[in-house]
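**Student:** task: produce atomic coordinates for the following.
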Amino acid sequence: MWRAGGHCPRANAGLFPLLLLMLPLVSLGLSLLGYRRMLALVERVGHRRQRHPATTQELEAARRLAGLLAIAGRRGLPATCLRQALLLHLLLRRRGLAPQLLLGLRRTDGQPAMHAWVELEGTSLDPSPLEHTPFRPTRASDHD
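**Tutor:** Prediction:
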């Protein structure tokens, strides 16, 4: 899937600079609008009338896109899991898919830890090695 060192595959090389530009815009949007209004904007911009279940090829392409976003989040301005998840959610909605943005919370040594990720067809697209099981997930829309 990805070459060692997290290099961008040639097939996605044209998309990578766009992601590097879009992640800071998501960050700016969160700073200016806050989470709820930014999520509403993502939902509105990503709106398509006709949603369809993801095919096997679309699911694999979504996994590759999530991996590419993770690389962009490390190579450009640092991007949190929430910023990456919001952008992935937007891009998949624009493709006519029905992703779910999930937010999770857990306590580790008494300290809260939060994580955001996207699922498509019940499959996590999060390329991080983080185990989601300890997080109590909720849909992002449940936080309105």
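**Student:** tell me the mean pLDDT over the helix or strand harbouring Leu86?
**Tutor:** For Leu86, the host element (DSSP states H and E) is helix 81-94. In this model, helix 81-94 has a mean pLDDT of 96.
**Student:** and the closest residue to Leu33 other than its chain neighbours, how many neighbours does it have?
**Tutor:** Spatial nearest neighbour of Leu33, excluding adjacent residues (C-beta to C-beta, 6 or more residues apart in numbering): Leu41 at 6.7 Å. (Each C-beta comes from the backbone N, C-alpha and C, glycine too.) As a burial measure, Leu41 scores 15 neighbours (other C-beta atoms under 10 Å).
**Student:** can you list the buried residues in the host helix or strand of Leu41?
**Tutor:** Using DSSP H and E, Leu41 maps to helix 15-45. Buried residues in helix 15-45, counted by 16 or more other C-beta atoms under 10 Å: 15-16, 19-20, 22-23, 26-27, 29-30, 35, 38-39, 42.
**Student:** once you drop chain neighbours, what's closest to Leu125?
**Tutor:** Per C-beta to C-beta, 6+ apart, closest to Leu125 is Ala66, 4.1 Å.
**Student:** tell me the pLDDT of Arg75.
**Tutor:** pLDDT, read off for Arg75, is 89.
**Student:** now it: how far from Leu125?
**Tutor:** To Leu125, Arg75 is 19 Å away according to C-beta to C-beta, to the nearest Å.
**Student:** same check on Thr80?
**Tutor:** 16 Å.
**Student:** contacting residues around the residue nearest in space to the middle of the chain?
**Tutor:** For the chain, the residue nearest the mean C-alpha position is Ala85 (2.1 Å; C-alpha atoms, centre = their mean). Contacts here follow C-beta atoms under 8 Å, 6 or more residues apart in numbering; on that basis Ala85 touches Leu101, Leu102, Ala116, Trp117, Val118, Asp126.
**Student:** surely the fourth one touches Leu125?
**Tutor:** Yes. With contact defined as C-beta atoms under 8 Å, Trp117 and Leu125 form a contacting pair (7.0 Å).
**Student:** who are the packing partners of the following helix or strand past the helix holding Leu86?
**Tutor:** Following helix 81-94 in sequence order, the next helix or strand is strand 100-108 (DSSP H and E). With contacts defined as 3 or more C-beta pairs under 8 Å, 6 or more residues apart in numbering; DSSP states H and E, strand 100-108 has these neighbours: helix 81-94, strand 111-120, strand 136-139.
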